[in-house]
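**Q** Next come a sequence and a model predicted from it.
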Amino acid sequence: MRLHILAVGRLRGGPEAALVADYLARFDRTGRPLGLGPAQVIEVEDKRNAGPAAEAALLAAALPRGATLAVLDERGDTPDSPGLARLLQRLADTGTRDLAIAIGGADGLDPGFRAQAAHALSFGRMVWPHMLARAMLAEQLYRAASILTGSPYHRGG
């Protein structure tokens, strides 16, 4: 199952971009034997700063054809890391070929776009900058693959 992180805004180098690249490379190596990966980031940017509705149109256009959509949203489910691993495994096992996880811009995701998602996930009730949310998501994808392979990387309960 290929993973696509759809993100509003651009990371132009810096520590967050390095973290995302590192964790997605780890995810690809770890997930490959499980049928997970590759993972890629697809960035969209509304040059007019027209808000969530315009961003939603860009995200929808970037969504790979036939992909299952998940969104990162503060109102979403808050699975623990093993729960995210189980979700990825279940989606892969049931034939999902592409999973796209969308991260909105500064004003969040458009409600209509959010309503189209099969899954809404949250890192908790706190709001995170999109740059950090990308890094956190990439790390959690790697952690999920590690859990599924029985790697000692994930030691939490």
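**A** Looks like it came in fine. All of these numbers come straight from a predicted model, not from anything done at the bench. Numbers count the residues shown, from 1 in each chain.

**Q** Go through the protein and flag its longest helix.
**A** helix 130-149 (DSSP state H).

**Q** can you list contacts of it?
**A** The contact list for helix 130-149 (C-beta atoms under 8 Å, 6 or more residues apart in numbering) reads 3, 5, 7-9, 11, 14, 16, 19-20, 22-24, 26-27, 30-31, 33-34, 36-37, 39, 41, 72, 81-82, 84-85, 88-89, 101, 103-106, 123, 128, 153-154. Bear in mind the C-beta positions are built from the backbone N, C-alpha and C, glycine included.

**Q** buried stuff in that helix?
**A** Within helix 130-149, the residues that count as buried by 16 or more other C-beta atoms under 10 Å are 130-131, 133-148.

**Q** where does Phe123 fall, helix, sheet strand or coil?
**A** Secondary structure, DSSP: H, G, I helix; E, B strand; the rest coil: Phe123 is coil.

**Q** rewinding a little: so what's the gap between the longest helix of the chain and the chain middle?
**A** Centroid separation for helix 130-149 versus its chain: 8 Å, with C-alpha atoms, centre = their mean, to the nearest Å.
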